[in-house]
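A.B. asks: how would this look folded up:
(3 chains)
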Amino acid sequence: MEPRRRPARHEAVKPPPEATHARIHAAVARIPRGRVATYGQIAALAGLPGQARLVGYALHALPAATGVPWQRVVNARGEVSRRSDPGGHEALQRVILEHEGVRFDARGRIPLARFQWRPRGRPRRGP
DNA sequence: ATGCTGACTATGT
DNA sequence: TACATAGCCAGCA
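C.D. replies: Numbering: from 1, shown residues only, chains lettered A, B, ... in the order given. Below you'll find the model as predicted:
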């Protein structure tokens, strides 16, 4: 481990990006197998409401083999988002998800009504 | 410092 | 349902 540089007094007033990424990774890590969550959902869970794009950034910056289930994050339409990076594992994402039991419809989208993870999945007793 | 881009989303046509 | 726009913020030229 490399010793971490302590921020000078005039900087680091706001939470470092690293912490933001860590929060996002932690939120993604909570998604159970066989379920998916949207970028916006993860942002809110990480305490960054409305910052869905940052989730995409954090995952893009995520090194491989970290154990974070990045493949379980999809966009609000239930589809695997397009990468700008040609080497993106966009196709792999779908393969992994299907292997985990997530199903895609004919349009290549995941029925969120059925596969979206619901942290609050409280058992409601009908009205 | 400024301007653009991007693994996004909500809203309006 | 599909497309266009505005809002959001971090990274990079």
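
A.B. asks: where are the low-confidence patches of chain A?
C.D. replies: By pLDDT under 70, the low-scoring segments of chain A are A:1-17, A:120-127.

A.B. asks: Repeat the analysis, applying 90 as the threshold.
C.D. replies: Within chain A, the stretches with pLDDT under 90 are A:1-22, A:60-67, A:83-91, A:119-127.

A.B. asks: Tell me the residues of it that contact DNA strand C?
C.D. replies: Within chain A, the positions adjacent to DNA strand C are A:14, A:17, A:20, A:50-54, A:57, A:61, A:107 by C-beta under 7 Å from any atom of the strand. C-beta: built from backbone N, CA, C; applies to glycine.

A.B. asks: Which residue ranges of chain A form helices?
C.D. replies: A:17-29, A:39-45, A:52-60, A:90-99, A:112-115 (DSSP state H).

A.B. asks: Kindly reformat those helices as a markdown table containing distance to DNA strand B.
C.D. replies: Below are the helices of chain A laid out as a markdown table (distance: least, C-beta to the nearest atom of the strand, whole Å):
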| stretch | distance to DNA strand B |
| --- | --- |
| helix A:17-29 | 9 |
| helix A:39-45 | 3 |
| helix A:52-60 | 3 |
| helix A:90-99 | 6 |
| helix A:112-115 | 10 |
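
A.B. asks: Figure out which of those helices is closest to A:Thr66.
C.D. replies: With distances scored as C-beta to C-beta, the stretch of the helices of chain A nearest to A:Thr66 is helix A:17-29 (7.3 Å).
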